[in-house]
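*Asks:* Structure here, sequence nowhere to be found:
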Ligand code: SF4
C-alpha cells in the first residue's frame, strides 16, 4: 500500500491495529503534508521501530514526471506510473493562485465524441495515492504550493468513486494537503447514482456537470452516457443535489461549431435551466489533430452568451489557455502519441 492513498481516519485504524496510539496518524500526516517530507527517516518524533514497521507496510513513491511542456500560465506534466501506464496533469497559474487539473483514470469509458482523453478506453482506475501524487510531484517540481484542484483531467471521476472520495478527503483534510472544499471541483458527465451518493456525503466541494447539449437527441449524439441517463433524469438529479447540498452547480457547455452553438440551442438551454441555482461555463472548443469538431466562431460564442444572459442565466466564457501544448480541456491523453 502507498502511504499517500490513506486517509487520516484509516491511518488511525492502522495504528490501532498494530497496538499503537491513533494520534500517530496525525504526526505522520504532519510530516507528509504539512512539512511535505517524503523521507521517513526524518520523522524525528516517530520511534525507529515504528518507522521500520511503517516502511515495511507502506511505500512512499510518487509518480515520476517524465515530460513537462510549458505555455503561457500553463504547464503540462506527463507522469509515469509504477505499472508503466502514463497520465497527464495540468498546472494553471491564475491571478488567485495555482490550480492543478488531475486525472482520475488511465483512459476513459465514457466516449464523449469531442474529447481526446476518451479516445483510449479505460485501462484502469487511478488509486487515490496516484491522484494525491500528481499534486505532490508537481509541487516538488515547481517548489510552490497548489491552492486549488479540479478533477477534470483524463477519466470520469465518479466512475472511480471510492478512490476519488479518498483523494478528496486527503487533500481536504486540514492536517493533510489542506485545500478547502470550495477550492476543489469535481466534474462529471452525469453518473446519476454516484451524484446521489456524493450529495449524501456533506462535503462542500464544487460540482460541475458536463452537459454540452440542451436536448436528448443532440446529447446522445455527442455523449453516449445520455443513452443511459436521459437529460430529464440528469436535470432532476442536479436539482436534488442542489437541494441536498445547498451548493450552486456549474454547467459545462463546450461550444462545437454548427452542432450545439446555435441561438435556438441557447434558448433551449436557458429553458432547461430556468430557476435553478446553476451557472453556465461556456467553453470554446479546443481543436485537436484527431477529431472532426471545430471551434465556434467568436460571433456565435458572443450570441450564445448574450442569449443566456438575456434569459437571466448566470454565464461566463471560460478563459482559453493551454491549447498550444494540448493541455486544454478535453485534450489530455493517456498515451503519448
Ligand atoms: S469528457 Fe470526460 S467523461 Fe467524456 S470522454 Fe472525456 S474524459 Fe471521459
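*Replies:* Great, that's in hand. Keep in mind that this is a model prediction, so the values were computed, not measured. Numbering: from 1, shown residues only.
*Asks:* The closest residue to the ligand within the chain: what's it in contact with?
*Replies:* Residue nearest to the ligand within the chain: residue 118 (2.5 Å; C-beta to the nearest ligand atom). C-beta here means a position set from N, CA and C on the backbone, and glycine is covered the same way. Residues counted as contacts of residue 118 (C-beta atoms under 8 Å, 6 or more residues apart in numbering) are 107-112.
*Asks:* Filter those down to just the buried residues.
*Replies:* 107-108, 110, 112 (16 or more other C-beta atoms under 10 Å).
*Asks:* got TSV for those residues, with secondary structure and pLDDT too?
*Replies:* As requested, the buried ones among the contacts of residue 118 are exported to TSV (DSSP: H, G, I helix; E, B strand; the rest coil; pLDDT from 0 to 100):
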residue	secondary structure	pLDDT
107	coil	94
108	coil	94
110	coil	94
112	coil	92
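*Asks:* farthest pair in those?
*Replies:* Farthest pair in those (C-beta to C-beta) is 107 and 112. Separation: 12.7 Å.
*Asks:* Can you classify the residue of the chain closest to the ligand as helix, strand or coil?
*Replies:* What DSSP: H, G, I helix; E, B strand; the rest coil gives for residue 118 is helix.
*Asks:* quick one: the residue at minimal distance from the centre of the chain and residue 235, what's the gap?
*Replies:* Centroid check for the chain by C-alpha atoms, centre = their mean gives residue 151 as the closest residue, at 0.5 Å. Applying C-beta to C-beta, to the nearest Å, the value for residue 151 to residue 235 is 22 Å.
*Asks:* What is the neighbour count of the residue nearest to residue 73 when sequence neighbours are not counted?
*Replies:* Take residue 73 and drop its neighbours on the chain: the residue closest to it by C-beta to C-beta, 6 or more residues apart in numbering is residue 93, 4.4 Å away. By other C-beta atoms under 10 Å, 15 other residues sit near residue 93.
*Asks:* restrict the contacts of residue 118 to those near the ligand?
*Replies:* 108, 110-112 (C-beta under 6 Å from any ligand atom).
*Asks:* Kindly check the end-to-end length of stretch 267-286 for me.
*Replies:* Using C-alpha to C-alpha, to the nearest Å, the end-to-end distance of stretch 267-286 comes to 24 Å.
*Asks:* same thing with stretch 37-47?
*Replies:* 16 Å.
*Asks:* Identify the residues contacting that stretch?
*Replies:* 24, 27-28, 31-32, 51, 54-55, 60, 62.
*Asks:* hang on, residue 86 packs against residue 79?
*Replies:* Yes - contact criterion C-beta atoms under 8 Å: residue 86 and residue 79 qualify, at 6.5 Å.
*Asks:* what's the distance between residue 27 and residue 240?
*Replies:* In terms of C-beta to C-beta, residue 27 sits 41 Å off from residue 240.
*Asks:* go on, residue 110?
*Replies:* Taking C-beta to C-beta as the measure, residue 110 falls 21 Å from residue 240.
*Asks:* Then residue 109?
*Replies:* Going from residue 109 to residue 240 by C-beta to C-beta gives 25 Å.
*Asks:* And for residue 160?
*Replies:* Residue 160 sits 22 Å away from residue 240, going by C-beta to C-beta.
*Asks:* So those two - more neighbours on which side?
*Replies:* Applying other C-beta under 10 Å to residue 160 and residue 240 shows that residue 160 carries more neighbours, namely 23 against 14.
*Asks:* Quick check: closest non-adjacent residue to that one.
*Replies:* Spatial nearest neighbour of residue 160, chain neighbours left out: residue 125 (4.0 Å); criterion: C-beta to C-beta, 6+ apart.
*Asks:* Would you confirm that that neighbour contacts residue 157?
*Replies:* No - at 9.9 Å, residue 125 does not count as touching residue 157 under the criterion of C-beta under 8 Å.
*Asks:* Check the contact lists of those two and give me the overlap.
*Replies:* By C-beta under 8 Å, 6+ apart, residue 125 and residue 157 have these common neighbours: residue 104.
*Asks:* which parts of the stretch 101-250 of the chain sit against the ligand?
*Replies:* 108, 110-112, 115, 117-118, 154-156, 189, 210.
*Asks:* ranges for the helices of this structure?
*Replies:* 8-17, 23-29, 48-57, 128-142, 161-172, 192-200, 216-222, 231-245, 263-273, 298-310 (DSSP state H).
*Asks:* could the ones you listed go into JSON lines alongside mean pLDDT?
*Replies:* Below are the helices of the chain laid out as JSON lines (pLDDT from 0 to 100):
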{"stretch": "helix 8-17", "mean pLDDT": "97"}
{"stretch": "helix 23-29", "mean pLDDT": "97"}
{"stretch": "helix 48-57", "mean pLDDT": "96"}
{"stretch": "helix 128-142", "mean pLDDT": "98"}
{"stretch": "helix 161-172", "mean pLDDT": "98"}
{"stretch": "helix 192-200", "mean pLDDT": "97"}
{"stretch": "helix 216-222", "mean pLDDT": "97"}
{"stretch": "helix 231-245", "mean pLDDT": "97"}
{"stretch": "helix 263-273", "mean pLDDT": "98"}
{"stretch": "helix 298-310", "mean pLDDT": "97"}
